[in-house]
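**Student:** Fold the following.
(one chain, ligands or ions: 3)
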Amino acid sequence: MRAVTWQGKRKVSVEDVPDPRIELPTDAIVKITSTNICGSDLHLYETLGPFMDAGDVLGHEPMGIVEEVGSQVGDLKVGDRVVMPFQISCGHCWMCDQQLYTQCETTQVRDQGSGAALFGYSKLYGQVPGGQAEYLRVPQAQFTHIKVPEGPADDRFVYLSDVLPTAWQAVAYAAVPAGGSLVVLGLGPIGDMACRIAMHQGVENVIGVDLVPERLERARARGVQVVDLGAHEKDLLEVVQGLTSGRGADSVIDAVGLDAHGSPSAKFVQTVAGLLPDAVAQPVFKTAGVDKLAALYSAIELVRRGGTISLSGVYGGMADPMPMMTLFDKQVQLRMGQANVKRWVPEILPLLTDDDPLGVDSFATHRLPLSEAPAAYKSFQEKADGYVKVQLKPEL
Ligand SMILES: NC(=O)c1ccc[n+]([C@@H]2O[C@H](COP(=O)([O-])OP(=O)(O)OC[C@H]3O[C@@H](n4cnc5c(N)ncnc54)[C@H](O)[C@@H]3O)[C@@H](O)[C@H]2O)c1
Ligand SMILES: [Zn+2]
Ligand SMILES: [Zn+2]
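**Tutor:** Residues are numbered from 1 along each chain as shown. Ligands and ions are numbered 1, 2, ... in the order given. This is a model prediction of the structure:
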């Protein structure tokens, strides 16, 4: 089959790879109909190379039709239309019982000290072949799937794999008080959707920050107050205070993560790590400060005293200086993590209707054949040509 593979820093290619097979009774094989590129894939493309091997199949936002099942997949059947959560979880361990599916004790990647295995996401998360491919092997398939109805186009449901639950959890963790304010840093797919969800839930004062004109415009068109970081890098705090009774925001969502604009100090470590052999570079990544924390620092600055920061942007590394005094003195609550996808699906599914309150049907900016993945990664990373959300379609 054809699959999108990682080949090196800023290099992906579409290759012929062996078709996946059922390996365990809990596996299923899904024929992929739509599969998105995510901002998280850009971290692999740019920063997390030491955890990748050439040929690794990328992708964690797929949906399709069940082609084949093992003998222990519960009620999953050949022909079912399914979306896969980006994390692989068993549904029956202690963590899954708490709905902490990203911490599944059956699939935790213990040799790396990581949580649940993820599709297409480096050795840190189990090096499981991903879903930017014609077919996907789904481990723990008895639980690792979301059945969706026939009828509407894939656009209606495909974001259940990641964007919708991630943005939903970001808003839930942000815990905006009644009548309160929310700043969303980053208006990529996650931040954009977080704004939509917050407004749908009745948050009136939603302020979105980014520096890409089309992304600012997309959010503005849906009623978000936007602030262009390009014009307000120096006075962002004053601007936000002006919109939040002078105190700062009740809640801040960081939907940027580790490749943030404005953190040049990490460039050096990152570049050096990129030049080292993987065995040497991996510990550098885990212990040195490669995180590029600009967005997180902004969040800490912009949140009001006693407010809440909700991190959905992905961070790594351990030694980055955290302004502990400020966090403590401001009495900030900090909540974070990968989204526990199936925890939120029952709340989201009723919104995926013809009325389309969250605008999922028109959310993708690009729908391309799998063969165009290399160019799509490049344009998405460069935020060129209006790229916000890219769907790859193996059948095109
Ligand atoms: N927690 C989870 O489960 C989960 C799931 C999916 C994605 N993510 C993470 O969420 C983040 C966003 O994902 P995405 O797909 O929207 O990515 P994206 O790269 O398309 O969007 C990030 C946006 O942040 C903007 N930005 C950069 N620096 C900024 C700064 N200093 N202040 C404000 N905005 C800034 C960029 O211009 C861009 O529009 C990524 O880190 C991704 O890895 C987390
Ligand atoms: Zn994703
Ligand atoms: Zn589990």
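**Student:** Find the nearest non-adjacent residue to whichever residue of the chain sits closest to ligand 2, please.
**Tutor:** For the chain, the residue closest to ligand 2 is C38, as judged by Cβ to the ion, at 2.8 Å. C-beta: built from backbone N, CA, C; applies to glycine. Closest residue in space to C38, ignoring its immediate chain neighbours: E61 at 5.6 Å, by Cβ to Cβ, 6 or more residues apart in numbering.
**Student:** if I pick that neighbour, what's in contact with it?
**Tutor:** Residues near E61 by Cβ atoms under 8 Å, 6 or more residues apart in numbering: T35, N36, I37, C38, F86, G131, V158, Y159, S161, D162, V163.
**Student:** so which helix or strand takes in S379?
**Tutor:** In this assignment (DSSP states H and E), S379 forms part of helix 373-382.
**Student:** Show me the shaky parts of the stretch 201-350 of the chain.
**Tutor:** 259-277, 279-292, 316-320 (pLDDT under 70).
**Student:** repeat that for 90
**Tutor:** Scanning the stretch 201-350 of the chain for pLDDT under 90 picks out 233, 257-297, 313-325.
**Student:** Helices of that one, start to end?
**Tutor:** 213-221, 229-232, 236-243, 267-275, 278-287, 294-302, 324-329, 341-348 (DSSP state H, counting those that start in this stretch).
**Student:** In CSV, list the ones you listed along with distance to ligand 1 and mean neighbour count.
**Tutor:** Formatted as CSV, the helices of the stretch 201-350 of the chain follow (distance: least, Cβ to the nearest ligand atom, whole Å; neighbours: other Cβ atoms under 10 Å):
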stretch, distance to ligand 1, mean neighbour count
helix 213-221, 5, 17
helix 229-232, 5, 15
helix 236-243, 8, 16
helix 267-275, 14, 15
helix 278-287, 15, 15
helix 294-302, 4, 22
helix 324-329, 17, 10
helix 341-348, 8, 18
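**Student:** Could I get those in CSV, plus columns for distance to ligand 2?
**Tutor:** Output for those, formatted as CSV (distance: least, Cβ to the ion, whole Å):
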stretch, distance to ligand 2
helix 213-221, 17
helix 229-232, 23
helix 236-243, 27
helix 267-275, 21
helix 278-287, 20
helix 294-302, 17
helix 324-329, 28
helix 341-348, 10
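**Student:** do you know which of those lies nearest ligand 3?
**Tutor:** helix 341-348 (10.7 Å).
**Student:** got the CA coordinates for that closest one in PDB?
**Tutor:** Extracted in PDB, the C-alpha atoms of helix 341-348 (Å, rounded to 0.1, in the frame of the first residue of the first chain):
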ATOM      1  CA  VAL A 341     -10.600  11.500  23.100                       C
ATOM      2  CA  LYS A 342     -13.400   9.200  23.900                       C
ATOM      3  CA  ARG A 343     -14.100  11.000  27.200                       C
ATOM      4  CA  TRP A 344     -15.600  13.900  25.200                       C
ATOM      5  CA  VAL A 345     -17.200  12.200  22.200                       C
ATOM      6  CA  PRO A 346     -20.600  11.800  23.700                       C
ATOM      7  CA  GLU A 347     -20.800  15.500  24.300                       C
ATOM      8  CA  ILE A 348     -19.500  16.400  20.900                       C
END
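**Student:** quick one: it to chain centroid distance?
**Tutor:** Offset of helix 341-348 from its chain centre (Cα atoms, centre = their mean, to the nearest Å): 15 Å.
**Student:** now for the helix or strand following it, which elements pack on it?
**Tutor:** Reading on from helix 341-348 to the C-terminus, the next helix or strand found by DSSP H and E is strand 366-369. Applying 3 or more Cβ pairs under 8 Å, 6 or more residues apart in numbering; DSSP states H and E, one finds that strand 366-369 contacts strand 390-393.
**Student:** Okay, buried residues for the strand it packs on please.
**Tutor:** Using 16 or more other Cβ atoms under 10 Å as the test for burial, strand 390-393 gives V390, Q391, L392.
**Student:** pLDDT score for the residue lying closest to E15 once chain neighbours are set aside?
**Tutor:** Nearest non-adjacent residue to E15, counting by Cβ to Cβ, 6+ apart: T5, 4.9 Å away. pLDDT, T5: 98.
**Student:** So which bits of the stretch 1-150 of the chain are right by ligand 3?
**Tutor:** Counting by Cβ under 5 Å from the ion, the stretch 1-150 of the chain comes close to ligand 3 at S89, C90, C93, C96, C104, T106.
**Student:** Three-state assignment for the last one, please.
**Tutor:** Going back to what we said before, that points to T106. coil (DSSP: H, G, I helix; E, B strand; the rest coil).
**Student:** before we move on, what about the first one?
**Tutor:** Recorded secondary structure, S89: coil (three-state DSSP).
**Student:** Contact partners for the residue of the chain closest to ligand 2?
**Tutor:** Counting by Cβ under 8 Å, 6+ apart, C38 has contacts H60, E61, F86, D162, V163, P189.
**Student:** Looking at the contacts of E61, which are in strands?
**Tutor:** T35, N36, I37 (DSSP state E).
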